[in-house]
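K.L.:
Provide a 3D model corresponding to the input given below.
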Amino acid sequence: MNEGAALHKIVYGAGGKAENYIIIDINKQYEKIIGLKKEDVAGKTSTEVYKVPVPPYLEEFTSVARDNKTFQFETYFAPMDKYFLISVFSFEADHFATIFFDITANKLAELEREKFIKELESKNAELERFTYTVSHDLKSPLITIKGFLGMLDSDMARGDEKRIKSDIKRIADAADKMAFLLDDLLELSRIGRIINPPKLFPLGELVSEVAELLSSTIAASRASIKTAGELPSVFGDRKRIFEVIQNLVENAIKFKRDDADPEIEIGAKSSGDSTIVYVRDNGIGIESKYFENVFGLFNKLNTSSAGTGIGLALVKRIAEVHGGKAWVESDGPGHGSVFYFSLPEIKKEEF
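P.N.:
Residues are numbered from 1 along each chain as shown. Model prediction:
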């Protein structure tokens with residue numbers, strides 16, 4: 001017999017209200033599944049046996065014992081960290097029996113399957129959006145090139161040298177835009193496929209390197225960058241984390257306010273089993289309805305801004321590949337933004 005079984009008796013308090021139940025007897029399979037011997041549980045209340053403040057499922061079990069009902073349910077029993085299928089029936093007034101199966105393995109497999117299906121649905125939806133967006137954004141420079149080729153043909157026929165040079169420049173610009181888009185798409189596709197050896201490294205050192213790389217851009221925009229205290233060491237793909245910080249700093253500079261020089265603060269804090277890194281700016285801010293959109297592929301809230309609109313999609317993807325996530329907070333237009341990404345605090349051998 002694979003099922004565990006136990007006999008119980010309801011314990012009533014003043015006014016006839018059920019307060020607990022006593023375990024009268026158990027079978028060998030109970031001992032095997034629960035890990036407690038008969039002498040550990042017989043004659044003891046449920047709260048004593050399972051070391052919980054409230055008797056588990058007291059209302060349901062009392063209803064069965066009082067009204068001679070039968071009852072079956074699946075449950076996660078936290079004290080044992082297991083899933084059970086439990087059948088309950090009354091064999092005597094104010095008494096009930098439980099017969100249960102440990103379904104933890106099946107339940108975890110089911111939950112993993114559901115998680116996989118949801119992830120697959122999400123990836124399919126992302127692929128559909130990706131396909132539409134790529135076809136749309138790559139079509140734009142192609143239309144420009146085709147249009148100016150027609151104008152170039154006409155201008156060459158007229159011998160208009162000035163217009164010919166202008167046409168060629170517009171065609172070259174459109175071709176460059178397409179090249180930038182393709183390069184960024186290639187970089188996005190590499191994330192998760194091409195993984196650099198993860199290692200523990202000082203985040204402060206990496207931030208200094210990003211600032212050095214962007215020194216001319218920082219100087220030109222009169223931006224200032226500071227760190228909030230001493231930054232911790234983090235574990236991951238250093239090259240990819242570098243790209244995340246670089247993208248977020250460039251984003252902060254790009255979307256500065258007209259009436260203030262960019263002020264950028266980079267910090268980190270521990271939260272549970274994760275390190276949360278943030279980049280705070282005093283820029284134009286973001287309306288809450290766009291918090292999710294900004295991380296979408298090619299999503300640009302300001303279509304006239306420089307870049308392809310892939311930077312924040314890269315940030316999000318890199319964070320996810322590391323087992324974390326990326327998000328943004330802002331008090332709205334004119335109040336700056338704070339971009340966050342999380343990295344699990346895990347040891348090298350667990351990465």
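K.L.:
Tell me how far the strand ranked longest in the chain lies from the chain's centre.
P.N.:
For the chain, the strand with the greatest residue count under DSSP state E is strand 82-92. On the basis of C-alpha atoms, centre = their mean, to the nearest Å, strand 82-92 sits 37 Å off its chain's mean C-alpha point.
K.L.:
That strand: which residues count as buried?
P.N.:
Of the residues in strand 82-92, those buried by neighbour count under the rule 16 or more other C-beta atoms under 10 Å are Lys82, Tyr83, Phe84, Leu85, Ile86, Val88, Ser90. Glycine gets a C-beta too; all of them are placed from N, C-alpha and C.
K.L.:
Over to stretch 11-24?
P.N.:
Val11, Ala18, Asn20, Tyr21, Ile22, Ile23.
K.L.:
Could I get the full set of strands for this protein?
P.N.:
Secondary structure of the chain (DSSP E): strands at 4-12, 18-26, 70-77, 82-92, 95-102, 199-202, 224-227, 233-236, 263-271, 274-281, 326-329, 337-344.
K.L.:
State the paired neighbours of the longest strand of the chain in the sheet, together with their directions.
P.N.:
Each strand pairing with strand 82-92, determined using DSSP bridges, is listed with its direction: strand 70-77 (antiparallel), strand 95-102 (antiparallel).
K.L.:
and for the last one, what are the contacting residues?
P.N.:
Contacts made with strand 95-102 from outside it, assessed by C-beta atoms under 8 Å, 6 or more residues apart in numbering, are listed as 2-10, 21, 24, 33, 61, 64-65, 82-91.
K.L.:
Break the protein into its domains for me.
P.N.:
Structural domains of the chain, as assigned by automatic domain parsing, span the residue ranges 4-102, 104-190, 197-351.
K.L.:
what about the shortest one, average pLDDT?
P.N.:
Across domain 104-190, pLDDT averages out at 81.
K.L.:
Any regions of the stretch 151-300 of the chain where pLDDT drops low?
P.N.:
184-185, 187-195, 297-300 (pLDDT under 70).
K.L.:
still on that earlier bit, could I get the strands of the chain as TSV with distance to Ala211?
P.N.:
Below are the strands of the chain laid out as TSV (distance: least, C-beta to C-beta, whole Å):
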stretch	distance to Ala211
strand 4-12	62
strand 18-26	64
strand 70-77	48
strand 82-92	51
strand 95-102	56
strand 199-202	14
strand 224-227	5
strand 233-236	17
strand 263-271	9
strand 274-281	12
strand 326-329	21
strand 337-344	17
